[in-house]
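Trainee: take this sequence and fold it.
(chains A and B)
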Amino acid sequence: MFRFWKRTEEVQELVLRHLGHVRNAVELFVQATRAYFEEGDREKAARLTVETHKSESLADDVRREVERAMVQGALLSPSRRQLLLIVDRMDTLANAAQATLHYLLNQSVDVPSAMRSSVQEILAETEALFQDVDCGIRSLLAGHFSEALACAERIDDHESAVDRLHARATRELFALDIELARKLHVRGYFEALVDISDRAEDLADQMALVAAERAV
Amino acid sequence: MWTLLAGIFMGWSLGANDAANLFGPIVGCAAMRFWTAAILASGFVLVGALAVGTRGFAAYSSIGTQTLLSAFLVAVAAGLTVTLMTLLGLPVSSTQAVVGALIGAGFLSGGVAFGPLVKILLSWILTPLGGLIAAYIPYKLLVRFPGALPSRWVRRVAVIRVGLILATCYSAFALGANNVANVTGVYVSSGLLSPSVAALIGALAIGLGILTFSRRVIDTVGNRIVALDPVTALLVILAEAVTLNVYAMIGVPVSASQAVVGAVLGVGLVKGVRTIDGRVVLRVAFGWVGTPTIAGLLSAGLVGVARLVS
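Mentor: Presented below is the predicted three-dimensional model:
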């Protein structure tokens, strides 16, 4: 009768394991992008991209395990729905990290040197943002809902900062005296780069909703 | 024995309707599959009826003695009233239907004992009040001391789930203990059945209603209770079960629906009076007045026609 108790405990471990893989993917993405721009080491960037892909695949596997545990009866339906949405949205962060690296390496994006500082700033904000994603998920699972709400608000702040950096970078890019095709190519890369923070904002919205509902 | 069919019909409709109060939330929250919950609830209704249910028969016998024909007509009138009110979408209490029918039949035969009747009528006021208090106090305490439940999300959900399963079993036990008298009580006072056989037949009829027709009711009524959320649903089920159990021990059959409505109001009072919909309360109040009145008139009419024919 109480098999579900064990499954319920497993769900928490699985969600934390999933978070670990997503964090790994985002960290590897940051390292690979820095290797590409700051060290100019494309081989290292390619190697780290493969590692990012592995972490993303592992995150996918764990997400499926979470779904399976839910189907087998872990938790109650309102919590199932909420937790599945959170895991799904977390998963999109790893997907975005992988997609951005593929864009960069497969299309050999040539970001003008004057704009590389913008890439670094966006990367720094993305790193800080993920610290709050990590904190928010752990707080939710621990039942510390006011902390989770505070983390969600900080994620929103980071996302706003990334948006401002993106807007500034776009203005600077189109003010440069380079070919339009290159401008459009670089703009596409920046759009991919900021996609991670956009998706993190969706996750933060979901976290805030759950925290608010559960806190009542 | 054919007169028993009306009682079995009454038990079947009671099982089909009250199942939504019993395990609607547990199925709605996906804490348990429908069939597991239905079998578990039917089993505990049987246990409750056989263990404590016979005490309620005395209450109906004390209102007035029934002949075999009047017992049949009382059961038919009560069953028809429950069906009519359900079709009209009004909240219905099988207890009130049976008592109303007994009074209606008793007036014509001049055999209504008002002493025991007052006790039953008083219980109609005290039952929702009992449900309200039984839900209000624990919910108020839980809001005040949230640390009573584990803080970890998944652990908290698991504890609530175990609570829902246990509360559902207890609630089914209490329903069997208290409401079996509504189903076959009139046959005990008419001398057709002994209390233990009446409890067995009544519980089987309720179980049949749960197993055959409750799913549809759960889909509609049950989901409204789930909308409360799992914690408040758990408190409402527990409050209903405690109220029914207390009355079963005293030997007074009361309405499960009244206990549930009282408990939901109790939760609403903690959340804030504004959350209570006044129109719904009026509808419920109309149902509580309308059910015994219609059952009484119907029963008196049926007994009157039977007399004219015979």
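
Trainee: check the gap between residue B:214 and residue B:152 for me.
Mentor: 34 Å (Cβ to Cβ, to the nearest Å). (Each C-beta comes from the backbone N, C-alpha and C, glycine too.)

Trainee: more crowded one of those two?
Mentor: residue B:214 (27 against 16; other Cβ atoms under 10 Å in any protein chain shown).

Trainee: show me what from chain A comes close to chain B.
Mentor: Within chain A, the residues that sit near chain B (Cβ under 8 Å from any Cβ of the partner chain) are A:1-2, A:4-5, A:8-9, A:11-12, A:73-80, A:83, A:140-144, A:214.

Trainee: please name the nearest non-neighbouring residue to residue A:5.
Mentor: residue B:158 (5.4 Å; Cβ to Cβ, 6 or more residues apart in numbering or on different chains).

Trainee: secondary structure element for residue 177?
Mentor: Assuming you mean chain A. Using DSSP states H and E, residue A:177 is not contained in any helix or strand.

Trainee: wait, I meant chain B there
Mentor: Counting by DSSP H and E, residue B:177 is found in helix B:153-189.

Trainee: burial check on residue B:114, number of neighbours?
Mentor: For residue B:114, the count of nearby residues is 11 (other Cβ under 10 Å).

Trainee: gap between it and chain A?
Mentor: For residue B:114, the distance to chain A equals 48 Å [Cβ to the nearest Cβ, to the nearest Å].

Trainee: average pLDDT for whichever strand or helix holds residue B:280, rounded please.
Mentor: Take DSSP H and E as the rule and residue B:280 turns out to sit in helix B:278-309. The predicted model assigns helix B:278-309 a mean pLDDT of 84.

Trainee: if we can go back for a sec, give me the buried positions along the helix holding residue B:177.
Mentor: B:153-161, B:163-165, B:167-189 (16 or more other Cβ atoms under 10 Å in any protein chain shown).

Trainee: spell out which parts of chain B neighbour chain A.
Mentor: So chain B meets chain A at B:28-31, B:150-158, B:160-162, B:164-165, B:229-230 (Cβ under 8 Å from any Cβ).

Trainee: show me what contacts the residue positioned nearest the centre of chain A?
Mentor: For chain A, the residue nearest the mean C-alpha position is residue A:93 (2.8 Å; Cα atoms, centre = their mean). Residue A:93 is in contact with A:22, A:25, A:26, A:130, A:133, A:196, A:199, A:200, A:203, counting by Cβ atoms under 8 Å, 6 or more residues apart in numbering or on different chains.

Trainee: any chance of the residues you listed in a markdown table, with distance to residue A:181, neighbour count and pLDDT too?
Mentor: Putting these into a markdown table (distance: Cβ to Cβ, whole Å; neighbours: other Cβ atoms under 10 Å in any protein chain shown; pLDDT from 0 to 100) gives the following:
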| residue | distance to residue A:181 | neighbour count | pLDDT |
| --- | --- | --- | --- |
| A:22 | 34 | 29 | 97 |
| A:25 | 31 | 28 | 97 |
| A:26 | 30 | 26 | 97 |
| A:130 | 33 | 24 | 96 |
| A:133 | 35 | 25 | 97 |
| A:196 | 25 | 28 | 95 |
| A:199 | 28 | 20 | 97 |
| A:200 | 31 | 29 | 97 |
| A:203 | 34 | 24 | 97 |
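
Trainee: and for the closest residue to chain B within chain A, nearest residue in space, chain neighbours not counted?
Mentor: Of all residues in chain A, residue A:143 sits closest to chain B, at 3.4 Å by Cβ to the nearest Cβ. Using Cβ to Cβ, 6+ apart and skipping the chain neighbours, the partner closest in space to residue A:143 is residue B:151 (3.4 Å).
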